[in-house]
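Peer 1: Sequence first, predicted model second:
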Amino acid sequence: MSVGESIGSSSPYLEFVRISKSFPGVLALDDVSFGVNSGSVRALVGENGAGKSTLLKILSGVYRPSSGVLRIDGSERAFQGTSESLAAGVSVIYQELVTVPKLSVAENLFLGHLPKKRGLVDYPCLYELARAALVSLADDIDPRTPLGLLSIGQQQMMEIAKALTRGARILAFDEPTSSLSAREIERLFSVIERLRSEGRTILYVSHRMEEIFQICDSVTVFKDGRHIETFHSTKGLTQDILINRMVGRDIKNVYNYSERPYGDVSIEARDITGPGLKEPISIRVRSGEILGLFGLVGAGRTELLKLIYGATRRTGGEILLKGHPAKVETPRDAIDQGIVFCSENRKAEGIIPLGSVQENINISARRHHGYRMGFINETWERRNAKEQVRSLDVRTPSLEQRICNLSGGNQQKVILARWLSDQMSVVLFDEPTRGIDVGARSEIYALIRRLAERGVAILMVSSDLPEVLGVSDRIAVMRDGALSGIVERTDTSEQKILSMALPV
Amino acid sequence: MNTSEKTMAVGGTSSFRKVDTSVLLDRAGMLLVFLGLFVTCSIFVDNFLSWRNMAGLSLAISMAGMVSCSMLLCIASGNFDLSVGSVIAASGCVAAVVINLTGSVVVGILAGLGLGVVVGLINGFVFAKLGINAFITTLATMQMARGFGYIVAGGKAVGISNSDFFVIGTTYFLGLPTPVWLTLVTFAIFGGLINYTEFGRNILAIGGNEEAARLAGVPVVRTKILIFVIHGLMSAVAGVVLASRMTSGQPMTAIGFEMTAISACVLGGVSLAGGIGKISYVIAGVLILGTVENSMNLLNINPFYQYLVRGGILLAAVIFDRYKTRSIG
Ligand SMILES: Nc1ncnc2c1ncn2[C@@H]1O[C@H](COP(=O)(O)OP(=O)(O)OP(=O)(O)O)[C@@H](O)[C@H]1O
Ligand SMILES: [Mg+2]
C-alpha cells in the first residue's frame, strides 16, 4: 500500500489526456481528461451512452482514440490492440466475458502461453500453475472443469486471476456485478479491496450507487461523452448529488408506488414442472397486479419464466389464462395469446445484433400491423420505432443504427421497447432494469406501473431487493428450484424476504 | 475522417440523421465494382460489348441469378444448400421424361418443379425439424438428387419431343432472351420478399440471432423449412429453363453449380455469418462473376487457369467478408 501511495501522491499512475472518440454519427467521448492514482478505486458513472465503456475500450486498445493520449506511469501509450495493452499491464474485465466455454478453466487462464514440454502441453504443470493462480480468488474451482460450467461470478474470478498472472497493474471492471449473486458480489469486493491494497489501479463502472459508496475512493462523472466532474473523495458526497450530476436533475421517488385496483386472475401457472425446478410451482397473477419474483441467482426464477412462456418444454402442469386452460407450448403460442417475455440475457436471447434499432423494436409486434400476405407496414414500423425511442429515451444517432453499436443500457431499452410495442395482457420481465442508469430506471418503473394500470398482469424477476420491494404488489420468493413463499408488500421487509431466499 | 464527422450528433441526443456516405458505399459498393469491371472489359476485351456477346452474357448469368436469389435466403439465415446443381439437373431430366411420356408440357414442367419442392422439403425437414447440420443434409441430398436424375434419364441426355417446351428457353421478348426476363422477375420478387415481408425479416433475424428470434415469436422451424422449399423450387425452375434452352434433359449438367451460387452471394457482400442480405448484393455478385467468366472465355484463357481465377475471386470475397464483419465488432 505504501508503494502505491507514494507514487500516487506525486502524479497519477493512469492518465487520460484530452481523449475524444467518434463513431459515424456519434461523438462518444469529447475531450476527456482525468487521472487515477495507483492504490485507489475510481468509479466511473454516467447515464447510458455516456461513454464509459468506450473509455475502457480505448484503455484496452480495442478502439483507438480519435484524438488525445493515454499515459501510464508517466509514459505515453498508444495501444494497437488488446495484446499490447495486456503486455503493458492493463486488463479490462467486460460485462460480457470473453471466454472459451468448452475449454477448462486452466486452459482459459493460460490460453496463448500454455506451459509445454517437448512441444506438447504439460498438463500437470498447467493445472499446478492454474491452482496457484486461483488461490485466494476462487479456491473452490477445480482448474480442470470446463469453464462453461462455472457461474458468472466464478468466471469473473477466473478473469481476474488471468489478469493477475499477466501482471496487470491496472484493472478495469465494466458493470461487474450485474449478474452476480449477493455472496459473489461480497467476494468480488474483498478481492478488489485486496488489489487496491497491493497498489494496483482500479476503474469501476457501475449503475448501482450503493456499490460506489461501498468500495470506491473517488468518482468521475460523465455526461454525453464529456467529463463533468471528479470527486476525489466520497466524503460528503451523497447519492443525490451524484445522480444530479449524472442526469442533470434531481430524481425523487424512484419507485413512486401507489395502490391500484386489481381485476381477476389473468394468468395462472398450475403445478409447473420442468428443468431447473425441484418442486411443482403454482403461481397466479391478477390483471393489473405486479408480482415480484425474488431469489438468489440460480434459484430457478428464469427457468420458471421460460417454462411459463413455453420457451422450455414443461414436463408437467398447465397454464390458465383468465381461468381457462391455454395451449402455451412455444414462445409463439404465448405471444399469440398476449404473453410476452423479456429475457435477462440481452446478448444471447435479446438483440439481433446486425439488425437496426427499428428492426429490433418491431420484430415481434409487426404481425399485428402488417398488410396481407405478410407484407410489412413500413409507415407503422417507422412511427412505432420513433415513438418508442422517444418514450424510452434511447440514445441512438438514427433508427437505422445497428443495435450492436448502442451502449449496453440503450440496447436494453430497445429490447424493452420491443415488448412494450406488442399487444399483451401478461408480461414476464426478467431483470428488466439490468444495466440501466438511475434516471432511466425510474422511467421504466413508471412504464411498468402504467402497464399495470391498463390491466396488464406483470411478473417481474429481479435480484435487486429494493427494486422488488419498491415496485411489486406481492412478492414471490424462490429458493433452490422451489417456491418458498408469497408475501404481500404491506406485510414484509428486506430481512423477511432475504431469509426466505437464503438457503436453509 | 469522413464528412459525417462534421454533422455529428452528440451521443446524448436522439437526433435522426439521413444516410451518410459510408452507408451509401456499403449499399452500392459492389455494384460500383461491377461497373468498373464492365467498363474495363468493354475497353480491353474485343467483342465484349457486341450485342451477340451481351445476349450470351445475360443468358449465362440468368441461371446463376435465379438460383443465387434463393441461395441468398439460405445464407442470410446462416446456412447454405449444396443440392442446387443436382436439383437443376434432376428437375430438367424429370421434366424431359414426363413431357415425352405424357406429351404435355405443363405436366412436365410441374413434375420438374415438384421434384425441386420435394428435395427442398426433405432438406428443410431434416435440417430444421430434426436439427441435422445443413452441410451434411444437403451434401446427402445433393448426391441423391444427382443419382435420381441419372436413373430417370437412364444415364444419358433425354431429347425432348414436344417443341412447345422450347419457348421458355429459346425465344426473345423485347430483344432480350426469355430466361433473362424470368431472372429479372426473380430479382424483383426476392427483393420484395426480403425487404417488404415479415418472412424476409424473419430470415435475417434467424441468421442474426436464432434464439432471440425464437423468443420474439418468429416461427423458426417453419421459416427454415420454407427457405429450403423455395430454394428447391428455384433450383428446379432454373433446371427446367436450362432443359428448355438445351432442348433436352441432361443428368450431368450443372455440376458444381452450388459453388457458383454461393460464390455469387458472398462476392456481392452477403455475409456467410448470416443476418445480412440484400438483393443488390446478389445482383452485383452474379454480374461480376458472369462478366469475369465471359471475358475469360473471350480472351481464350485456358479453362484450367479459369479455375484459379474463380477460386481466387471467391477467396478475396470471403476475406473481404471477414474483414467487414470484424469491423462491425
Ligand atoms: N462501435 C460503435 N459504433 C457506433 N457507436 C458506438 C459504438 N460503440 C459505442 N457507440 C456509441 O457511443 C456512445 C457511448 O457508448 P458507451 O458504450 O461508451 O456508453 P456507456 O457509458 O458504457 O453506456 P451504458 O451505461 O449504457 O453501458 C453511445 O452513444 C453509443 O451508441
Ligand atoms: Mg457500457
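Peer 2: Nice, thanks for sending it over. Ligands and ions are numbered 1, 2, ... in the order given.

Peer 1: Contact partners for residue 283?
Peer 2: Using chain A. Applying Cβ atoms under 8 Å, 6 or more residues apart in numbering or on different chains to A:Ile283 gives the contacts A:268-269, A:272, A:291, A:304, A:459, A:476, A:483, A:486. For the C-beta atoms, the positions are set from N, CA and C on the backbone; glycine is no exception.

Peer 1: look at chain B instead
Peer 2: Counting by Cβ under 8 Å, 6+ apart, B:Ile283 has contacts B:31, B:65, B:187, B:268.

Peer 1: What residues does the stretch 351-500 of chain A have near ligand 1?
Peer 2: Proximity of the stretch 351-500 of chain A to ligand 1, by Cβ under 6 Å from any ligand atom, involves residues A:395, A:405-410, A:437.

Peer 1: among these, which two are most distant?
Peer 2: A:Asn405 and A:Asp437 (18.3 Å; Cβ to Cβ).

Peer 1: and the two? which has more neighbours close in?
Peer 2: Each of A:Asn405 and A:Asp437 has its neighbours counted (other Cβ atoms under 10 Å in any protein chain shown); A:Asp437 has more, 22 against 19.

Peer 1: Could you report the distance from the more buried one to A:Arg200?
Peer 2: 27 Å (Cβ to Cβ, to the nearest Å).

Peer 1: All the strands of chain B, residue numbers only.
Peer 2: B:9-10, B:158-159, B:172-173, B:176-177, B:248-249 (DSSP state E).

Peer 1: Run through the residues that contact the residue nearest to B:Gly103 when sequence neighbours are not counted.
Peer 2: Distances taken as Cβ to Cβ, 6 or more residues apart in numbering or on different chains put B:Asn162 closest to B:Gly103, at 6.3 Å, once the chain neighbours are dropped. Shown in contact with B:Asn162 (Cβ under 8 Å, 6+ apart): B:99-100, B:103, B:105, B:108.

Peer 1: For these, give me JSON lines that also has distance to ligand 2 and neighbour count.
Peer 2: Shown next, in JSON lines, are those (distance: Cβ to the ion, whole Å; neighbours: other Cβ atoms under 10 Å in any protein chain shown):
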{"residue": "B:Ile99", "distance to ligand 2": "64", "neighbour count": "25"}
{"residue": "B:Asn100", "distance to ligand 2": "68", "neighbour count": "15"}
{"residue": "B:Gly103", "distance to ligand 2": "70", "neighbour count": "12"}
{"residue": "B:Val105", "distance to ligand 2": "63", "neighbour count": "20"}
{"residue": "B:Gly108", "distance to ligand 2": "62", "neighbour count": "25"}
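
Peer 1: Just the ones of the residues you listed in helices?
Peer 2: Members of the contacts of B:Asn162 lying in helices (criterion: DSSP state H): B:99-100, B:105, B:108.

Peer 1: Number of residues surrounding whatever residue of the stretch 151-300 of chain A ends up closest to chain B?
Peer 2: Closest contact between the stretch 151-300 of chain A and chain B, by Cβ to the nearest Cβ, is at A:Asp224 (3.2 Å). Per other Cβ under 10 Å, the neighbour tally for A:Asp224 reads 20.

Peer 1: Tell me the predicted confidence for it.
Peer 2: With respect to pLDDT, A:Asp224 has a value of 91.

Peer 1: what's the answer for A:Cys125, then?
Peer 2: 88.

Peer 1: Please give the element, helix or strand, for it.
Peer 2: According to DSSP states H and E, A:Cys125 maps onto helix A:123-134.

Peer 1: outside of that helix, which residues touch it?
Peer 2: Residues outside helix A:123-134 that contact it (Cβ under 8 Å, 6+ apart) are A:105-107, A:109-110, A:114-115, A:117, A:141, A:143-144, A:157-158, A:161-162, A:164-165.

Peer 1: mind running it again at 10 Å?
Peer 2: A:104-110, A:114-117, A:122, A:139-144, A:154, A:157-158, A:160-162, A:164-165 (Cβ atoms under 10 Å, 6 or more residues apart in numbering or on different chains).

Peer 1: Widest-spaced pair of the ones in helices among the contacts of B:Asn162?
Peer 2: B:Asn100 and B:Val105 (10.8 Å).

Peer 1: Next to chain B in this structure, residues from the stretch 51-200 of chain A, please.
Peer 2: Taking Cβ under 10 Å from any Cβ of the partner chain as the test, the list of the stretch 51-200 of chain A residues beside chain B reads A:51, A:54, A:57, A:62-63, A:66.

Peer 1: just for chain A, where's the confidence low?
Peer 2: A:1-10, A:97-98 (pLDDT under 70).

Peer 1: Quick check: the residue of it nearest ligand 2.
Peer 2: A:Ser53 (3.1 Å; Cβ to the ion).

Peer 1: chain center to the strand or helix carrying that residue, what's the gap?
Peer 2: In the assignment (DSSP H and E), A:Ser53 maps to helix A:52-59. Distance of helix A:52-59 from the chain centroid (Cα atoms, centre = their mean, to the nearest Å) equals 17 Å.

Peer 1: Buried residues, the helix or strand following that helix. List them.
Peer 2: Moving toward the C-terminus from helix A:52-59, the next helix or strand (DSSP H and E) is strand A:67-72. By neighbour count with 16 or more other Cβ atoms under 10 Å in any protein chain shown, strand A:67-72 contains the buried residues A:68, A:70-72.

Peer 1: Which pair of these spans the longest distance?
Peer 2: Maximum distance among the buried residues of strand A:67-72 (Cβ to Cβ): 14.0 Å, for A:Gly68 and A:Ile72.

Peer 1: residues in chain A within reach of ligand 1, list them.
Peer 2: With Cβ under 6 Å from any ligand atom as the criterion, chain A meets ligand 1 at residues A:23, A:26, A:28, A:46, A:48-54, A:395, A:405-410, A:437.

Peer 1: Which of these fall within strands?
Peer 2: Per DSSP E, the residues of chain A next to ligand 1 map to strands at A:23, A:26, A:28, A:46.

Peer 1: So which residues of the stretch 201-350 of chain A form strands?
Peer 2: Here the stretch 201-350 of chain A has its strands, by DSSP state E, counting those that start in this stretch, at A:201-205, A:218-223, A:226-231, A:265-273, A:281-286, A:290-294, A:316-321, A:324-326, A:339-342.

Peer 1: how close does the residue positioned nearest the centre of chain B get to B:Gly285?
Peer 2: The structure's chain B has its C-alpha centroid closest to B:Ser68; by Cα atoms, centre = their mean the separation is 0.5 Å. The spacing between B:Ser68 and B:Gly285, counted by Cβ to Cβ, is 7 Å.

Peer 1: which residues do these two both contact?
Peer 2: By Cβ under 10 Å, 6+ apart, the residues touching both B:Ser68 and B:Gly285 are B:260-265, B:267-268, B:270.

Peer 1: And B:Gly268, how close does it get to chain A?
Peer 2: Computed as Cβ to the nearest Cβ, to the nearest Å, the B:Gly268 to chain A distance reads 16 Å.

Peer 1: Contacts only, for A:Ala446.
Peer 2: So A:Ala446 contacts A:254-256 (Cβ under 10 Å, 6+ apart).

Peer 1: What values do phi and psi take at A:Glu259?
Peer 2: Per-residue torsions, A:Glu259: phi -60, psi 140 (degrees, to the nearest 10).

Peer 1: so it touches A:Asp473, yeah?
Peer 2: Yes - look at A:Glu259 against A:Asp473 with Cβ atoms under 10 Å: they come within range, at 8.5 Å.

Peer 1: mind checking how far stretch A:403-419 is from the chain centre?
Peer 2: The chain centroid and the centroid of stretch A:403-419 are separated by 12 Å, computed with Cα atoms, centre = their mean.

Peer 1: check whether it contacts ligand 2.
Peer 2: Yes - interface with ligand 2: stretch A:403-419 contributes A:407-408 (Cβ under 5 Å from the ion).

Peer 1: distance of A:Glu128 from A:Pro115?
Peer 2: On the measure of Cβ to Cβ, A:Glu128 and A:Pro115 end up 9 Å apart.

Peer 1: A:Gln358 contacts A:Trp380, correct?
Peer 2: No - using Cβ under 10 Å, A:Gln358 is not in contact with A:Trp380, being 11.1 Å away.
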